[in-house]
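Q: structure for the following, please:
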Amino acid sequence: MEITVKNKQVILRNYVKGIPKESDLMIVTASDHVELKVKPGSAAVMVKNLYLSCDPYMGILMREPTPSTLALLDAFIPGKPIAGIGVSQVIDSDDPSFTKGDMIWGIVNWEEYSTINPAGIFKIDVNVNVPLSYYTGILGMIGLTAYAGFYEICSPKKGETVFVSAASGAVGQLVGQFAKLMGCYVVGSAGSKQKVDLLLNKFGYDEAFNYKEEPDLDSALKRCFPKGIDIYFENVGGKMLDAVLLNMKV
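A: Numbers count the residues shown, from 1 in each chain. Below you'll find the model as predicted:
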């Protein structure tokens, strides 16, 4: 007997202008029924989505694409579901690497049930005793970005000086903690007093400053790094990057 369901989805109403608002999205129940089975020969995987991660980059993908827009993913389409990192359970699979009941994480649409290409998903080892929601964060894309970027690309050494922009963000807060574990001197920038306090009092940063209150970013960096910066973990670009390059050690 075939099992079908109605799929609840989060739809982009239209391209967003400025900061995304709740009214830019709508929750709908699709009129078409979804069969909880993949087509033979499709190599696809059908999943039930359990957790969805709401990340800053998604705001970029909600805007109308322009020739100057540079993103890792295609822009969302008005009238269609938005997408992001999710944790899901396999319902049916035409890929031998995945079987019914497997837990996975990867890019999925914001909906209850998704049929996905398994090329971009990763199987979760359920024997690791951590909450599944962690795979939307520290054990998923965010954690891998921070871990690989800092340990593999930056190649840190004990005693080095590290600067992290957008330091209170999901990636930045992890990089700062990794740097402290390596015995580095760590400074971060953020955009509010509350975020600066978070860096200093919760995430263990040695120093932090609110870039919005600094009239001269070059002077702010010289104050924090009188002997220069060994490692810069870049999250923002623009004027901050320009100022950091003037303060990097040779």
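
Q: distance from the lengthiest helix in the chain to the middle of the chain?
A: Determined from DSSP state H, the single longest helix within the chain is helix 170-181. Centroid displacement of helix 170-181 relative to its chain, using Cα atoms, centre = their mean, to the nearest Å, is 14 Å.

Q: again, but for stretch 234-243
A: The answer for stretch 234-243 is 19 Å, by Cα atoms, centre = their mean.

Q: swap in stretch 58-66?
A: Put simply, stretch 58-66 sits 15 Å off its chain's centre (Cα atoms, centre = their mean).

Q: which of the residues in that stretch are classified as buried?
A: Using 16 or more other Cβ atoms under 10 Å as the test for burial, stretch 58-66 gives 58, 60-63. Any C-beta I mention is one placed from the backbone N, CA and C, and that applies to glycine too.

Q: do the same with stretch 172-184
A: 172-180, 182, 184.

Q: one step back: taking the buried residues of stretch 58-66 one by one, which sit in helices?
A: Counting by DSSP H, these place 58, 60-61 in helices.

Q: dump these into CSV; add pLDDT and distance to Thr4 as well.
A: Listed next are those as CSV, based on pLDDT from 0 to 100; distance: Cβ to Cβ, whole Å:
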residue, pLDDT, distance to Thr4
Met58, 91, 29
Ile60, 88, 35
Leu61, 92, 30
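
Q: make a markdown table out of those and add distance to Ile3.
A: Formatted as a markdown table, these follow (distance: Cβ to Cβ, whole Å):
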| residue | distance to Ile3 |
| --- | --- |
| Met58 | 31 |
| Ile60 | 37 |
| Leu61 | 32 |
